[in-house]
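# No sequence on hand, only this structure:
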Ligand code: COI
């Protein structure tokens, strides 16, 4: 489908935030607290024979979604989402980072959740349209960006359990600073031993709301122990490290190895994860995607072989992990300083995204 075959119409907000209100929000955006004045929407309807079409692409004022209480998403959780960021460069242009990777992952998630795939060009155009109309909302402070949240929901009013024939794809945007709030500093994470996030053949690889809902009880347990995220293991596989509730995890070894758990079917294919792997290769690190167990983590930190651990994701960017806590033991320290390799990869990644470091991999796409 070409986008010219599906032009976006625009209905602008009658009550956009004033320049003053916006400036107050952009001065300290936090994460996920504030939303721009508009939203992008494209609806899908299945045809008689099954094959459907995307229709009525539009920009609308940001606001509640009118939905039937029987909409399938409200009952069976047929929902997927993405996360990517828009950055304002010094020349005033607004760019995003590897959006084709998000488009591909959205469609991989759509296949797993029996939702319709969205043409990549329509995905990109929805971002261009929204960022164009809300261009004044992109913050420019260190580590800040406009977080874009595309999502797809089953809107058909029907209580039988089958893939919905009516679906809505939407994009909202939210000015964002540090995901964990305040200044960047090493975080403590909690080891979940009671709960799993994903299992073989499940939806762990898909970016669907259900995976995040499943992580919340463990996240609450972690918070009660002063931790910001929770780590999930694959108990059936020698306690192999999987991922955190909302981000991937990396280990820096003193001999120059950079290790992250291999994609095993239960781990999210992080766009930041794959970018860090590339940046690690570029700087001559011995990059390994492989099984890494909890024991290797504990022993490696104890012996000094593992020198740094960090979390990464679109929202988290790259965040140093100071300690891993569990009911029985602690690895590392809450007062650990941020690691050198961690911070250097973070600076390089943010530099590419914000236009101060050369984009040698062609990762940037101009949106406005
Ligand atoms: C992202 O990093 O974009 C995510 O969707 C993760 C979530 C914890 C905000």
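That came through fine. What you are looking at is a predicted structure, and each value in this text was computed from that prediction instead of being measured.
# who in the stretch 251-368 of the chain is up against the ligand?
313-315 (CB under 6 Å from any ligand atom). Backbone N, C-alpha and C define where each C-beta goes, glycine included.
# What about those residues, which are in strands?
With DSSP state E as the criterion, strands contain residue 313 from among those.
# could you flag which of the residues of the stretch 251-368 of the chain next to the ligand are buried?
313-315 (16 or more other CB atoms under 10 Å).
# okay, who's weakest in those residues by pLDDT?
When those are compared by pLDDT, residue 315 scores lowest at 94.
# need the helices for this structure, in chain order.
With DSSP state H as the criterion, the chain has helices at 19-27, 72-76, 99-112, 120-133, 209-224, 271-282, 294-303, 340-354.
# elements contacting the fifth one?
Helix 209-224 is packed against strand 79-81, strand 187-191, strand 229-234, with contacts defined by 3 or more CB pairs under 8 Å, 6 or more residues apart in numbering; DSSP states H and E.
# Those into JSON lines, with extra columns for mean pLDDT, mean neighbour count and distance to the ligand?
Converted to JSON lines, the helices and strands packed on helix 209-224 look like this (pLDDT from 0 to 100; neighbours: other CB atoms under 10 Å; distance: least, CB to the nearest ligand atom, whole Å):
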{"stretch": "strand 79-81", "mean pLDDT": "98", "mean neighbour count": "22", "distance to the ligand": "7"}
{"stretch": "strand 187-191", "mean pLDDT": "97", "mean neighbour count": "24", "distance to the ligand": "13"}
{"stretch": "strand 229-234", "mean pLDDT": "96", "mean neighbour count": "24", "distance to the ligand": "9"}
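# follow-up on the earlier one: want to throw the helices of the chain into JSON lines with mean pLDDT and distance to residue 37?
Shown next, in JSON lines, are those (pLDDT from 0 to 100; distance: least, CB to CB, whole Å):
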{"stretch": "helix 19-27", "mean pLDDT": "97", "distance to residue 37": "9"}
{"stretch": "helix 72-76", "mean pLDDT": "98", "distance to residue 37": "25"}
{"stretch": "helix 99-112", "mean pLDDT": "98", "distance to residue 37": "22"}
{"stretch": "helix 120-133", "mean pLDDT": "98", "distance to residue 37": "8"}
{"stretch": "helix 209-224", "mean pLDDT": "96", "distance to residue 37": "25"}
{"stretch": "helix 271-282", "mean pLDDT": "98", "distance to residue 37": "27"}
{"stretch": "helix 294-303", "mean pLDDT": "97", "distance to residue 37": "45"}
{"stretch": "helix 340-354", "mean pLDDT": "98", "distance to residue 37": "24"}
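# Out of those helices, which one sits most buried?
Of the helices of the chain, the one with the most neighbours on average (mean count of other CB atoms under 10 Å) is helix 120-133, at a mean of 21.
# and that helix, how far out from the chain's middle?
Averaging C-alpha positions (CA atoms, centre = their mean, to the nearest Å) puts helix 120-133 18 Å from its chain's average.
# in the stretch 1-150 of the chain, which ranges drop under the pLDDT threshold?
1-5 (pLDDT under 70).
# Show me the residue of it that gets nearest to the ligand, please.
residue 83 (2.3 Å; CB to the nearest ligand atom).
# gap between that residue and residue 149?
6 Å (CB to CB, to the nearest Å).
# returning to that earlier point: among the helices of the chain, which is nearest residue 161?
Nearest to residue 161, of all the helices of the chain, is helix 72-76, at 6.2 Å by CB to CB.
# Against which helices or strands is the closest one packed?
By 3+ CB pairs under 8 Å, 6+ apart, helix 72-76 packs against strand 145-154.
# Just give me the residue right at the centre of the chain.
Taking CA atoms, centre = their mean, the centroid of the chain lies closest to residue 83, which sits 4.1 Å from it.
# OK, contacts around that one?
102, 147-149, 207, 313-315 (CB atoms under 8 Å, 6 or more residues apart in numbering).
# Any residues of the stretch 1-150 of the chain in contact with the ligand? List them.
So the stretch 1-150 of the chain meets the ligand at residue 83 (CB under 6 Å from any ligand atom).
# which of the residues in stretch 194-201 are buried?
Neighbour-count burial for stretch 194-201 flags 196-198 (criterion: 16+ other CB under 10 Å).
# just stretch 258-270 next, same as before
258-261, 264, 266-270.
# Figure out how far it is from the centre of its chain.
So, by CA atoms, centre = their mean, the centroid of stretch 258-270 is 14 Å from its chain's centroid.
# Same question for stretch 97-114.
Worked out by CA atoms, centre = their mean, stretch 97-114 lies 12 Å from the chain centre.
# Look up the closest residue to the residue of the stretch 1-150 of the chain closest to the ligand, ignoring the ones flanking it.
residue 314 (4.4 Å; CB to CB, 6 or more residues apart in numbering).
# Tell me who's in contact with that neighbour.
Taking CB under 8 Å, 6+ apart, we find residue 314 in contact with 83-85, 147, 270-272.
# rerun at 7 Å
Contacts here follow CB atoms under 7 Å, 6 or more residues apart in numbering; on that basis residue 314 touches 83-85, 271-272.
# Next: residue 367.
Residue 367 makes contact with 86, 94-96, 127-128, 131, according to CB under 7 Å, 6+ apart.
# Let me know the closest of those residues to residue 334.
residue 86 (33.4 Å).
# what's around the closest one, how many residues?
By other CB atoms under 10 Å, 27 other residues sit near residue 86.
# which residues pair with the closest residue to it other than its chain neighbours across the strands?
Sequence neighbours aside, residue 146 is the residue nearest to residue 86 in space, at 4.3 Å (criterion: CB to CB, 6+ apart). Beta-bridge pairing of residue 146 under DSSP bridges involves residue 86, residue 175.
# for residue 146, what are its contacts?
85-86, 137-139, 173, 175.
# Show me how to select, in ChimeraX, the buried members of those residues.
Here is the ChimeraX command that picks out the buried ones among these, judged by 16+ other CB under 10 Å:
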select :85,86,137,138,139,173,175
